[in-house]
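Colleague: One predicted model, sequence on top.
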Amino acid sequence: MRTDRWIKKQAQPRARSVTRRQFIGVAGAAAISLAAAADKGKRGQGIKKKGAPAVARNEKTNNMNVIVIIADSMRADHLGCYGSKIKTPNLDWFAAESALFGEAYAENLPTMPARTAWWTGRFLFTQRGWQPMAMNDYLMAEIFWDRGMTSAFVTDVYHMHKPIYNCGRGFDTVVFVRGQEYDPWIVDKTIKVDIARYHRLPGNDKDEMWRGRFEQYLRNVSGFKSEEDYFAPRVVKEAIAWLEKVTKRQKDNLFLWVDCFDPHEPWDPPAPYREMYDPGYNGLEMIDPVPGDVKGYMSEAELKHTRALYAGEVTFVDKWIGILLDRIRDLGLWENSLIVFMSDHGEPLGEHGYVRKAFPRNYEELAHIPMIVRHPKGVGAGKRFSAFVQPPDLLPTCLDLKGISKDLRLDYRAPVKLTFPQDVVVQSENVRLTGQTFLPILEGRAETIRDFAVTAHHNAQWAIRTKEWAYLCNLNKKQPNELYDRVKDRAETRNVLAEQKEIASALETKLKDFAQSVSGE
């Protein structure tokens, strides 16, 4: 039954058809012949000869705006529209006017792999873990740039701002809001902070690492005086500022990606959200518990309060997403904009004995994500769809709605002879999307695009979910594989693999077949 050898082989990074060194060499064509680079890069990728003209597109694009709003680490089961008692009135009314996908699941985890899936439209869990976008990834913003859209990227996800990640590719405007989590923003160590008020060190050889991280965050927020100093408000205000500026000259063909790090930890929302779900608590406020086992580290009361802080953060973020949605409507963009709200993953809060993303385990509380889609013409509005959808499906759907062909070709443009002529297509390759458009589901032409969802931590654990079962396959053998009955045990608390070995075997084969079908860069 085991397919460990195959899985490990597929999980190794594969050679790309066009490497950075090859492209640099092509760009300096006086030194290295293009033919040699092309020979290295064939492999069925549609390589073209030096100086070949760009392929004419047969596309009937439209001027629809695309607006995507991300809330990192937002659990689906903490939104009112998904059945929660947590207060999320703004996302609830947005869902009422939109299509809600009840079976949306993360693909490749955590932060950076998830964004790679969104922007490339590809399942990459077999090839990549946490890494920058590849040079020959054709990203959503680059595709839109190449078709005349005006774009902006506004975020406080500090991982995307780190050296080498280059996450602003293709965007006209990029705004990084500084200070989230352990971002080295306020580096003045004369600012004294007291981590004992909000943190408990684990009491091992990692104490100094965590002390430094906790101190960094507390310095970052040491100057906050009002709600609007916090991160979600700052991100939303920057997005609104861009919209207000750009709509003075155009109200169509806009692309806005708003990527909020909240409700990711640290969980320290301002009042009244801080006290909203556990009033009267007077113990240690663990706004950023060390990832790991709850037992021996947190009391039941402390865990309960940390969950309440997370819930408060959810309600806080909901308020500011509502402010952004209201301004989008006020600026006259509502009727010509595809608006998508989703998250990259959920958040473990003790359901399986640990807090935060301490382990690469793809349980329901981490894998299940919200996805709410508002079609500008109201297609699917007010409906709840039970089809499986995943982050790689976003790009193909946006391309469909924009009238852009999914038969994409990435051109490499450079001078032919050192300096002139410039912008000559010196090499091209076809881009294969492995995500699927879910537009047929919205329009009622199909009930599903696949009958399962795959969620993975590259080289660690892969999981496959059908309507009836969830199978968690561990690649490193340090953990036993797990099987859960999703009909009787949605929270995945009782492993029934020993009782259902044939089902587990069939699911592993299905997982292997899918991984093979999407493998290859």
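Modeller: Perfect, thanks for sending it. Keep in mind it's a predicted model, so treat the numbers as computed, not measured. Numbers count the residues shown, from 1 in each chain.
Colleague: Contacts only, for the closest residue to residue 390 other than its chain neighbours.
Modeller: With Cβ to Cβ, 6 or more residues apart in numbering as the criterion, residue 390 has its nearest non-adjacent residue at 4.8 Å, and that residue is residue 107. Glycine gets a C-beta too; all of them are placed from N, C-alpha and C. Contacts of residue 107 were listed using Cβ atoms under 8 Å, 6 or more residues apart in numbering, and they are 113, 114, 117, 123, 125, 390, 391, 392, 454, 455, 456.
Colleague: what's around residue 314, how many residues?
Modeller: Applying other Cβ atoms under 10 Å, we find 27 residues neighbouring residue 314.
Colleague: Pull out the buried residues from the top helix by length along the chain.
Modeller: Ordering each helix of the chain by length in residues (DSSP state H) puts helix 300-330 first. Going by neighbour count (16 or more other Cβ atoms under 10 Å), the buried part of helix 300-330 is 302-325, 327-328.
Colleague: One more: stretch 90-110?
Modeller: 90-92, 94-95, 98-110.
Colleague: Could you give the separation of the strand or helix carrying residue 102 from the chain centroid?
Modeller: According to DSSP states H and E, residue 102 maps onto strand 99-104. On the basis of Cα atoms, centre = their mean, to the nearest Å, strand 99-104 sits 16 Å off its chain's mean C-alpha point.
Colleague: Could you do stretch 319-337 as well?
Modeller: 22 Å.
Colleague: I would like the residues contacting that stretch, please.
Modeller: Under the contact criterion Cβ under 8 Å, 6+ apart, stretch 319-337 has outside partners 63-67, 69, 71, 89-91, 94, 232-233, 235-236, 239-240, 243-244, 247, 251-252, 254, 258, 260, 339, 341, 374, 376.
Colleague: same question, stretch 89-103
Modeller: Contacts of stretch 89-103 (Cβ under 8 Å, 6+ apart): 79-82, 318-319, 321-322, 325, 339, 341, 370-375, 378-389, 438, 442, 453.
Colleague: residues contacting residue 441?
Modeller: Counted by Cβ under 8 Å, 6+ apart, residue 441 has contacts 380, 385, 387, 389, 447, 448, 449.
Colleague: I'd like those written out as TSV, with pLDDT added.
Modeller: As requested, the contacts of residue 441 are exported to TSV (pLDDT from 0 to 100):
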residue	pLDDT
380	96
385	98
387	98
389	98
447	96
448	97
449	97
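Colleague: Extract the CA atoms of stretch 296-311 and return them as CSV.
Modeller: The C-alpha coordinates for stretch 296-311 follow below in CSV (Å, rounded to 0.1, in the frame of the first residue of the first chain):
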residue,chain,number,x,y,z
GLY,A,296,2.5,21.6,30.5
TYR,A,297,2.6,25.0,28.9
MET,A,298,-0.8,26.6,29.2
SER,A,299,-3.6,26.2,31.7
GLU,A,300,-7.2,25.6,30.5
ALA,A,301,-8.1,29.2,31.5
GLU,A,302,-5.1,30.6,29.5
LEU,A,303,-6.0,28.5,26.4
LYS,A,304,-9.6,29.7,26.7
HIS,A,305,-8.5,33.3,26.8
THR,A,306,-6.1,32.9,23.9
ARG,A,307,-9.0,31.5,21.9
ALA,A,308,-11.0,34.5,22.9
LEU,A,309,-8.2,36.9,21.8
TYR,A,310,-8.2,35.1,18.4
ALA,A,311,-12.0,35.5,18.1
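Colleague: Now do residue 336, the pLDDT please.
Modeller: Here the pLDDT value assigned to residue 336 is 97.
Colleague: Look up phi and psi at it.
Modeller: Dihedral pair for residue 336: phi -130, psi 20, per degrees, to the nearest 10.
Colleague: gap between it and residue 243?
Modeller: Distance of residue 336 to residue 243, computed by Cβ to Cβ, to the nearest Å: 13 Å.
Colleague: now do residue 281
Modeller: Using Cβ to Cβ, we find residue 281 at a distance of 39 Å from residue 243.
Colleague: of those two, who's got more company?
Modeller: Using other Cβ under 10 Å as the criterion, residue 281 and residue 243 rank with residue 243 on top: 24 against 16.
Colleague: quick check, that one in a helix?
Modeller: Yes. Counting by DSSP: H, G, I helix; E, B strand; the rest coil, residue 243 is found in a helix.
Colleague: Which residue comes closest to it once chain neighbours are left out?
Modeller: residue 331 (5.8 Å).
Colleague: okay, now that neighbour: neighbour count?
Modeller: Neighbourhood size, residue 331 [other Cβ under 10 Å]: 16.
Colleague: Would you map the strands across the stretch 151-300 of the chain?
Modeller: Applying DSSP state E, counting those that start in this stretch to the stretch 151-300 of the chain gives strands spanning 173-176, 254-260, 292-293.
Colleague: wait, which of those is closest to residue 139?
Modeller: Judged by Cβ to Cβ, the one of these that comes nearest to residue 139 is strand 254-260, at 10.6 Å.
Colleague: What are the contacting residues of the closest one?
Modeller: With Cβ under 8 Å, 6+ apart as the contact definition, strand 254-260 has outside contacts at 65-72, 115, 140-141, 144, 149-157, 160, 171, 231-232, 235-236, 239, 242-243, 246, 317, 320-321, 324, 333, 337.
Colleague: packing partners for the helix or strand hosting residue 142?
Modeller: Assigned by DSSP H and E, residue 142 belongs to helix 140-145. Secondary-structure packing of helix 140-145 (3 or more Cβ pairs under 8 Å, 6 or more residues apart in numbering; DSSP states H and E): helix 111-120, strand 150-155, strand 254-260, helix 394-402.
Colleague: Redo those as JSON lines? Include distance to residue 462.
Modeller: Formatted as JSON lines, the helices and strands packed on helix 140-145 follow (distance: least, Cβ to Cβ, whole Å):
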{"stretch": "helix 111-120", "distance to residue 462": "13"}
{"stretch": "strand 150-155", "distance to residue 462": "28"}
{"stretch": "strand 254-260", "distance to residue 462": "26"}
{"stretch": "helix 394-402", "distance to residue 462": "21"}
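Colleague: from those, which stretch is densest packed?
Modeller: Using mean count of other Cβ atoms under 10 Å, the stretch among these with the largest mean neighbour count is strand 254-260, at a mean of 25.
Colleague: Kindly export it (C-alpha atoms) in CSV.
Modeller: Taking C-alpha atoms only, strand 254-260 is exported to CSV below (Å, rounded to 0.1, in the frame of the first residue of the first chain):
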residue,chain,number,x,y,z
LEU,A,254,-8.2,47.6,-12.0
PHE,A,255,-6.5,44.9,-10.0
LEU,A,256,-6.2,45.2,-6.2
TRP,A,257,-4.7,42.6,-3.9
VAL,A,258,-5.2,43.4,-0.2
ASP,A,259,-3.4,40.9,2.0
CYS,A,260,-4.0,41.3,5.7
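Colleague: tell me the mean pLDDT for that strand?
Modeller: 98.
Colleague: Then stretch 421-428?
Modeller: Here stretch 421-428 scores 88 as its mean pLDDT.
Colleague: And that stretch, what's buried?
Modeller: Of all the residues in stretch 421-428, those buried under the rule 16+ other Cβ under 10 Å are 424, 425, 426, 427, 428.
Colleague: between those, which is nearest residue 363?
Modeller: Distance to residue 363 across the buried residues of stretch 421-428 (Cβ to Cβ) is lowest for residue 428, with 42.3 Å.
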